Every structure is written in C-alpha cells, then in structure tokens.
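> give me the fold of what follows.
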Amino acid sequence: MNDSRPLAGKVALVAGGTRGGGRGIAVELGVAGATVYVTGRSSAAGRSDLDRPETIEESAARVTAAGGTGIAVRTDHSDPGEVRALVERITTEQDGRLDVLVNSVWGGDALTDWAHPLWEQDLDSGLRLLRRAVETHIVTSRFALPLMVARRSGLVVEVTDGNTARYRGSFFYDIAKSTVIRLAVAQAAELKPYGVAAVAVTPGFLRSEAMLEHFGVTEDNWRDAVAKDPHFAHSETPAYLGRAVAALAADPGVMAKTGRALATWGLYEEYGFTDADGTQPDFAAHWANVLEEEYGPLGDPL
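Predicted structure coming up:
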C-alpha cells in the first residue's frame, strides 16, 4: 500500500457530498486515492430547493483533481428507489465493492428554529428536518450496507454535530444530531459480527460555504470575521473533517472505535493530521478555556 495513497483501490460513497463537511470528506478521501461516489440533489442540471450554487459535479471534480476518482450521481436520499438505483450502479461498476459509506445528508439549516421551544415551532418544518437529516441516513444505509456485509469489511461514518448528550439549542436540531449518533451505535451493533465498523464523527466550528457567507467573508479572508465572533478564530475547514474521516478509513484497527461518537479535536491528536493551513484546531479546548464558565461543560464523549 502506498503510504501517501492509503485508500487506493477503495470505493467510497459520500451521501450529501455537495458542500460543507460532505464535500470536505469526499475530497480528502480522493487525496487518499479512493474512488468516491458523490451524491446529493444539487446538480449542474438544476439546484435543489436549498437553492445553493454548489453542485455534486464540482465536488466530484475536486475529488479527481485531488488524486482520486470522483463520480457524481444525482440522488435524492429520501427516495428509496433512487438510493436503490445508486447502490445497484455502484455494485455493477465496482464489482460489488464499497469500503466506506459516509452519511452526511443534512439540508436542515433553513428549517431550524433557534428562537422558539417545541410548542411554538412549526410542526411541518420540524418533521421535514427530521426526514431530511435522519430518514435519509437510514434509507441510504439500508441499501448500501449489504455490499459491506457481503465483503465482511468496511466503515460507516455518520456525520453529526457534537459528540455528547448536551442539548444543542433547538428541539428538532437536537433530535436530529443526537439521533444520528444513535444510528452509528445501532449499526455498529448489527455490523460487528461482519467486521464492519460504524462511527459518528463531528467537526468543531465548521467553516463551511454557508458559514463564510453568513459572516460575509471568503476562505481567503475568513479571519476578518473574528471581529464579529471571536470564537470563529477557532473554526476549521471542511478539509479537517475530511482528513479525520480519511484517517479512520485507512486505519486497519478502526473496529476498536466502532459504536463511538468521535470528533476532529480528538482524532487529530491520534492521527496527527492538520487543517488545510497546517494548524490543528481544537474546539473542545477552546470551549473549556472560554465558553465553559458561561455555558457549562461541553459534555462527556458518548
């Protein structure tokens, strides 16, 4: 195995790889040499209802440019028929091989109500958030896992926000992100006899495309936003999350972590990866130093 391309010959599916953490994961799996199927609803053929400019084709092109093979497949992961067709395509094109499944579908930003308790929220919006952020993961795993079980190897990564039981500030958001961790726990229990690992992974303060827009900055001048939010100084790029996942995928001992909720701020210490600028952001350390007095402990890892 080439140490610089430890995932050469491996096949990955990044569901929700259009932007943000999903795109970062897809690209870094490509850096490690993998063939990566990048899926989502935002395509060159048309935007999803999120109406954002990023596309799965752009993500796939970045995977290829990074040294892997990127394959874009427009897929609505809430539609079992479309997911079944996607997995059938992977089965045919890759001779039944799937080494890494990343469930990173989200689509809930516009549906999250940070201002009101459950009894004052719009129920349709909240339930739609759960369908997008949880049901899509279940549907995707339902059809993709048989490929891993048949080969008795692989890694499932559930992308979440936070690796603790701490309340996340909004009812439906909290339910979605904590449930995704439980999806990893449940899949780990069922997959362990087949040698397949399942984990949940969280970034810290993610410097996604949407977050950069929120602060009115770009990746080139992102530090200008620190004046608006000092905590942004401790943010991290999607590449940091991507490198965490790539390190897990390349770890022959990853089964020792199955069923756990992991974080970039712990994984960088173990695997030694850096962010795109060579730094090693540690949001948990920042929380302990600056935010714990006001908000309490971040919580114990699950």
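> show me the contacts for Phe205.
His231, Phe232, His234, Ser235, Glu236, Pro281, Phe283 (CB atoms under 8 Å, 6 or more residues apart in numbering). (C-beta placed from N, C-alpha, C; glycine too.)
> write the ChimeraX selection for whichever of the residues you listed are buried.
Burial among those is assessed by 16 or more other CB atoms under 10 Å; the matching ChimeraX selection reads:
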select :232,234,235,236,281,283
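> out of the contacts of Phe205, who's nearest Gly67?
Distance to Gly67 across the contacts of Phe205 (CB to CB) is lowest for Glu236, with 21.9 Å.
> looking at the contacts of Phe205, which is nearest Glu219?
Ser235 (10.7 Å).
> name the nearest residue to that closest one, ignoring sequence neighbours.
Counting by CB to CB, 6 or more residues apart in numbering, Ser235 lies nearest to Phe205, which is 4.0 Å off, once chain neighbours are set aside.
> thinking again about what came up before, now render the contacts of Phe205 as TSV, adding secondary structure.
Shown next, in TSV, are those (DSSP: H, G, I helix; E, B strand; the rest coil):
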residue	secondary structure
His231	helix
Phe232	helix
His234	helix
Ser235	coil
Glu236	strand
Pro281	coil
Phe283	helix
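> distance to Thr18 and pLDDT for the contacts of Phe205 - can I get that in JSON lines?
Below are these laid out as JSON lines (distance: CB to CB, whole Å; pLDDT from 0 to 100):
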{"residue": "His231", "distance to Thr18": "26", "pLDDT": "93"}
{"residue": "Phe232", "distance to Thr18": "23", "pLDDT": "94"}
{"residue": "His234", "distance to Thr18": "26", "pLDDT": "95"}
{"residue": "Ser235", "distance to Thr18": "20", "pLDDT": "96"}
{"residue": "Glu236", "distance to Thr18": "19", "pLDDT": "97"}
{"residue": "Pro281", "distance to Thr18": "23", "pLDDT": "96"}
{"residue": "Phe283", "distance to Thr18": "24", "pLDDT": "93"}
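> any idea of the mean pLDDT for stretch 77-89?
Stretch 77-89 comes out with an average pLDDT of 98.
> for it, buried residues please.
So, applying 16+ other CB under 10 Å, buried residues of stretch 77-89: His77, Ser78, Glu82, Val83, Leu86, Val87.
> over to stretch 142-162?
Here stretch 142-162 shows 143-145, 147-149, 154-162 as buried, counting by 16+ other CB under 10 Å.
> of those residues, the lowest pLDDT goes to which?
Gly162 (92).
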